[in-house]
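Trainee: build me a structure from this.
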Amino acid sequence: MKDFWLCFVPLFVAVDAVGVLPMYLGLTVGLDPSKHRRVLYQSVVTAAAVALAFLVAGKALLSLLGITVADFMIAGGIVLFVISVTDLFTTEKTQRRVDVDSLGAVPLGVPLITGPAVLTTTILLLDQYLADLRTGIEGEPMLGPHLERSVIVAAPNDRAFDSRLPRSDARC
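Mentor: Take a look at the predicted model:
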């Protein structure tokens, strides 16, 4: 149960449900209740699908592109900084029209619910808890060698992660 809370709290903070709620209400003002439910369902499903896809393939994708987790965190911070400065210095606020059919996917599902913070937190939690699962409480390996090798294939350039693996002469 402790591990659940150690994963849930950072993800809950990264999602920022309290901060997304006013944006959801502002974007869906004037819609009938059935469209409200459809937008809400679409945003949650889109956000969950993107987060789960990034959980499975995100580390390999970043590795393929040569991007480290630190690079990803800095880029997300720069994007948020630029948006904040633009909002501070823009005097004229324009009301943008959004397509109701895709409102749940973009901008609510991605990037508001599942944005850079959620994706970075997902990778950090994956690194931390996958390493704990692999070594176990007593320091004994818990996963079989085939699964360990498949994890290495998924994250080939992560030397810190790779160094935790027991070495074997067999190649996959």
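Trainee: just how off-centre is the helix of greatest length in the chain within its chain?
Mentor: Longest among the helix segments of the chain by residue count, using DSSP state H, is helix 33-65. Its chain's average C-alpha position is 8 Å from that of helix 33-65, according to CA atoms, centre = their mean, to the nearest Å.
Trainee: next one: stretch 6-13
Mentor: 12 Å.
Trainee: for that stretch, give me every contacting residue.
Mentor: Applying CB atoms under 8 Å, 6 or more residues apart in numbering, the set of residues contacting stretch 6-13 from outside is 118, 121, 122, 124, 125, 129. Where C-beta positions appear, they are placed from N, C-alpha and C, glycine not excepted.
Trainee: among these, which ones are buried?
Mentor: When burial is judged by neighbour count using 16 or more other CB atoms under 10 Å, the buried members of the contacts of stretch 6-13 are 118, 121, 122, 125.
Trainee: ok, residue 62 touching residue 73?
Mentor: No - using CB atoms under 8 Å as the test, residue 62 is too far from residue 73 to be in contact (11.2 Å).
Trainee: out of these two, name the residue with the larger neighbour count.
Mentor: Residue environment comparison for residue 62 versus residue 73 gives the larger neighbour count to residue 62, 20 against 17, counting by other CB atoms under 10 Å.
Trainee: checking the most centrally placed residue in the chain next. Helix, strand or coil?
Mentor: Centroid-nearest residue in the chain, with CA atoms, centre = their mean: residue 119, separated by 2.0 Å. Secondary structure for residue 119, judged by DSSP: H, G, I helix; E, B strand; the rest coil, is helix.
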